[in-house]
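# dropping the sequence and predicted coords here.
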Amino acid sequence: MTTRDSTPTFSTGVNLVLVPVVVRDNKGHAIGTLHKEDFQLFDKGKLQFISKFSIERPEAPLVVADNSVQTDAEGNAKAQPDGAPAASPRSAVVATRFVAWLFDDVHVSVGDLMQARRAAEREISESLEPGTRAGIFTTSGQHTLEFTDDRDALLKALNSIIPAPGRPTNLQECPDIGYYQADLIINKSDPTAIAESQSEWGICNPPPSNMPASAMAQYMAQSLPIVRQYAMTALNYGDRDTRVALDTLRVLVRRMSTLPGSRTIVLASPGFFLTIDHRPLESDLMDRAIRANVVISSLDARGVYVIVPGGDADTPAGVSSGGLKASFAIDNATANADVLQELAYATGGSFFHNSNDLAAGFKQIAMQPEFIYVLGFYPQNMKLDGSYHDLKVTLPKEVMKSAGASQLQVRRGYFVPRHATDPVEQAKQEIEETFFSREEISDLPVVLNTQFFKTGEYKARLTLLVRVDPKHLRFRKADGRNYDTLTIVGGVFDRDGKYVTGSQKVVDMKLKDQSLDTIPDSGVTLKTNLDVMSGSYVVRLVVRDSEGQLMSAKNSVVEIP
């Protein structure tokens, strides 16, 4: 039996396709009584075998006992002074719910942001229950408050948010070309969009009154390069702003994947337009969120919005916004809302829109659905070409009726990876997902104890004592030996759920039968040391064996004076 230590590293990326599904009744409540065999999953119209099935539920506040023992330098329990009272049982409420409030200050208007801030203020004040941490974030990155339970700090950060548009909003351009119309002109060469912009230019730059009709076509033709120049500027600004929003979400998902518990992003945004070039980025974002168990719920900050037929105050004077221009604006508004719905439904979240009661909307989306089904499948005969695959999930009519289901929220599709998955990487991913949760698993015979020794006034060495009984592991027999490998990951988090430090230990077992028989019934104890500062910590332990592919996960807390 040999062991080797290393610093754990965490990454993502496996070929298993995960599809979150939320089934709701006619009152909007999530239903949690369905089973794997009730679902049918289709990939590009082909029925798939569901190889993974789970039901995710919001985690309740976790109360963990502090059973740690203070020791001397040799590891012996520190004696209590004569006459000192016996220590009373200690426990702590562990942070198990993390909510990131993300405001899209790049795309939102001043009026919509003010409405959203007022609505969010009440919900943030009322939603910080024990075990909950919240953070304030913006897509521009100008305002950030890390996860905390300090209400005053949260409200101060919330009320400091102001719009931070990437493109100047005081431009009086003619033709007035938005991002959606610019995509039609530059990327799609849409003749209707080009002609509409040329017509606008002609209104703002009328020809001389004495120009003969024969010269009019030549005069209007000179507007084409001008239109394309304006469109390219709008396209570059829009592309940058969309990428900023997607990158902010990606970084926030990655940040939250290291938080131990349920993770929700509340996205308040008017939406933003995605071109075809952004779709792989969106799909990658959704994959990362699903694998990290991060639910993205979204609220359309525009409330009930209408397209003003004559344009708004920012429309250049003399430019008509009716007809085709209004049609472009409606299509753009719909496309902006689509991305909010896609992100929510793909990750098991909720989408609130078309209502001015933003306070009710925040209350609805700040909580995860009561039940999220996660279906997983391995695509058969899949070509690793980066193509897009449509997904569809159905329930038989009799199942829908008996369960009282009326609506399914499902991920719409995914992009195929361009390379195969490494089984070692897949096992690493399973360990990571379990380590950064709060779920306790007892598939393997594992016992966790902790002790600490003060190495300085504000420093200590925390020891994790992991007792494992190898006799109850599933070994692989070969060449007269019993083979199995244990991967042991232990680490500590602070009271706000921030990962502090950890260690990984790999135990390779190549035991003869007689060696296995001589192991004591109490098992073997493996020791891991972590250097920490004084404070309150949550200890997390995950053990996985290679042959049985089973895991155990344990929680503990420790208070180091």
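Nice, I can see it. Numbers count the residues shown, from 1 in each chain.
# tell me the bridge partners for Val468.
Val446, Val524 (DSSP bridges).
# and for it, the neighbour number?
Residues lying near Val468 (other CB atoms under 10 Å) number 22. For every residue, glycine as well, the C-beta is placed using N, CA and C.
# hang on, Ala403 packs against Arg24?
No: between Ala403 and Arg24 there is no contact under CB atoms under 8 Å: 10.4 Å.
# tell me the mean pLDDT over stretch 148-168?
Mean pLDDT, stretch 148-168: 90.
# who has more neighbours, Ala403 and Arg24?
Neighbour tally, Ala403 and Arg24, criterion other CB under 10 Å: the higher count belongs to Arg24, 19 against 16.
# and that one, how far from Ala360?
To Ala360, Arg24 is 17 Å away according to CB to CB, to the nearest Å.
# CA atoms only for stretch 341-360 - export them in PDB, please.
The C-alpha trace of stretch 341-360 is given here as PDB (Å, rounded to 0.1, in the frame of the first residue of the first chain):
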ATOM      1  CA  GLN A 341     -35.100  32.300 -21.400                       C
ATOM      2  CA  GLU A 342     -32.500  30.000 -22.900                       C
ATOM      3  CA  LEU A 343     -30.100  30.500 -20.100                       C
ATOM      4  CA  ALA A 344     -32.800  29.900 -17.500                       C
ATOM      5  CA  TYR A 345     -34.400  26.800 -19.000                       C
ATOM      6  CA  ALA A 346     -31.100  25.200 -19.900                       C
ATOM      7  CA  THR A 347     -29.900  25.300 -16.300                       C
ATOM      8  CA  GLY A 348     -33.100  24.600 -14.400                       C
ATOM      9  CA  GLY A 349     -33.900  28.200 -13.600                       C
ATOM     10  CA  SER A 350     -37.000  30.400 -13.900                       C
ATOM     11  CA  PHE A 351     -37.600  33.200 -16.400                       C
ATOM     12  CA  PHE A 352     -39.700  36.200 -15.300                       C
ATOM     13  CA  HIS A 353     -40.900  38.600 -18.000                       C
ATOM     14  CA  ASN A 354     -43.700  40.800 -19.400                       C
ATOM     15  CA  SER A 355     -44.600  42.100 -16.000                       C
ATOM     16  CA  ASN A 356     -43.900  45.400 -14.200                       C
ATOM     17  CA  ASP A 357     -44.100  43.700 -10.800                       C
ATOM     18  CA  LEU A 358     -40.400  43.200 -10.600                       C
ATOM     19  CA  ALA A 359     -40.500  42.600  -6.800                       C
ATOM     20  CA  ALA A 360     -42.700  39.500  -7.300                       C
END
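# returning to what we had before: what touches both of Ala403 and Arg24?
Common neighbours of Ala403 and Arg24, using CB atoms under 8 Å, 6 or more residues apart in numbering, are Ile31.
# and His29, how many residues sit next to it?
13.
# all strands of the stretch 51-200 of the chain, in order?
Using DSSP state E, counting those that start in this stretch, the strands of the stretch 51-200 of the chain run over 52-56, 62-66, 69-70, 90-94, 97-103, 132-138, 145-148.
# likewise for the stretch 251-400 of the chain?
Going by DSSP E, counting those that start in this stretch, the stretch 251-400 of the chain shows strands at 262-269, 294-300, 351-352, 372-377, 388-394.
# can you tell me which of those is nearest to Phe475?
Of all those, strand 372-377 sits nearest to Phe475, with 28.0 Å by CB to CB.
# average pLDDT across the longest helix along the chain?
In the chain, assigned by DSSP state H, the helix with the most residues is helix 223-256. Computed over helix 223-256, the mean pLDDT rounds to 92.
# got it, and stretch 21-41?
94.
# next, the distance between the ends of it.
Stretch 21-41 has an end-to-end distance of 11 Å (CA to CA, to the nearest Å).
# in it, which residues are buried?
Within stretch 21-41, the residues scored as buried using 16 or more other CB atoms under 10 Å are Val21, Val22, Val23, Arg24, Ala30, Ile31, Leu34, Asp38, Phe39, Leu41.
# Arg117 touches Ala157, doesn't it?
No: taking CB under 8 Å as the definition, Arg117 is not a contact partner of Ala157, at 10.7 Å.
# between these two, which one's more packed in?
When Arg117 is set against Ala157 and neighbours are counted by other CB under 10 Å, the residue ahead is Ala157, at 22 against 19.
# correct me if wrong: Arg467 contacts Val446.
Yes: using CB under 8 Å, Arg467 is in contact with Val446, at 7.1 Å.
# comparing these two, which residue is more hemmed in?
Between Arg467 and Val446, Val446 has the larger neighbour count (other CB under 10 Å), namely 22 against 14.
# which ones are touching that one?
Contacts of Val446 by CB under 8 Å, 6+ apart are Val466, Arg467, Val468, Leu541, Val543, Ser552, Lys554.
# from Leu550, how far off is it?
From Val446 to Leu550 the distance is 10 Å (CB to CB).
# Ala333 too?
Where Leu550 is concerned, Ala333 sits at a distance of 51 Å (CB to CB).
# name the residue in these two with the higher neighbour count.
Per other CB under 10 Å, whichever of Ala333 and Leu550 has more neighbours is Ala333, with 19 against 15.
# from Leu444, how far out is that one?
Distance from Ala333 to Leu444, by CB to CB: 53 Å.
# list the buried residues of stretch 505-512.
Result for stretch 505-512 [16+ other CB under 10 Å]: buried residues Lys505, Val507, Met509, Leu511.
# could you give the mean pLDDT of that stretch?
On average, stretch 505-512 scores 91.
# before we move on, the earlier item: now the contacts of Val446: which count as buried?
Buried members of those, scored by 16+ other CB under 10 Å, are Val466, Val468, Leu541, Val543, Ser552, Lys554.
# Ala164: which of these is nearest?
Using CB to CB as the measure, the one of the buried ones among the contacts of Val446 that approaches Ala164 most closely is Leu541, at 42.7 Å.
# want to try JSON lines for the buried residues of stretch 505-512, with secondary structure and distance to Gln70 as columns?
What follows is the buried residues of stretch 505-512, written out as JSON lines (DSSP: H, G, I helix; E, B strand; the rest coil; distance: CB to CB, whole Å):
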{"residue": "Lys505", "secondary structure": "strand", "distance to Gln70": "23"}
{"residue": "Val507", "secondary structure": "strand", "distance to Gln70": "28"}
{"residue": "Met509", "secondary structure": "strand", "distance to Gln70": "33"}
{"residue": "Leu511", "secondary structure": "strand", "distance to Gln70": "35"}
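# which of those lies closest to Pro369?
Nearest to Pro369 among the buried residues of stretch 505-512, with distances taken as CB to CB, is Lys505, at 37.2 Å.
# tabulate the strands of the stretch 251-400 of the chain (CSV), appending mean pLDDT.
Converted to CSV, the strands of the stretch 251-400 of the chain look like this (pLDDT from 0 to 100):
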stretch, mean pLDDT
strand 262-269, 94
strand 294-300, 95
strand 351-352, 95
strand 372-377, 92
strand 388-394, 93
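# looking at these, which is closest to Asp277?
Of all the strands of the stretch 251-400 of the chain, strand 388-394 comes closest under CB to CB, at 13.2 Å.
# relative to strand 372-377, how tilted is that closest one?
120 degrees (axes from the mean of the first three to the mean of the last three CA atoms, to 10 degrees).
# and Phe493, what pLDDT?
At Phe493, pLDDT is 89.
# work out for me the element the residue of the chain positioned farthest from its centre sits within.
In the chain, the residue that sits farthest from the middle, by CA atoms, centre = their mean, is Asn210; the gap is 62.8 Å. Assessed by DSSP states H and E, Asn210 sits outside every helix and strand.
# distance of the closest residue to Leu516 other than its chain neighbours relative to Arg476?
Spatial nearest neighbour of Leu516, chain neighbours left out: Asn482 (5.6 Å); criterion: CB to CB, 6 or more residues apart in numbering. In this view, Asn482 and Arg476 are 7 Å apart by CB to CB.
# more neighbours: which of these two?
The neighbour count for Asn482 versus Arg476, taken as other CB under 10 Å, is higher for Asn482 (19 against 12).
# who are the contact partners of Ser109?
Ser109 touches Pro163, Pro270, counting by CB under 8 Å, 6+ apart.
# so how far is Ala333 from it?
13 Å.
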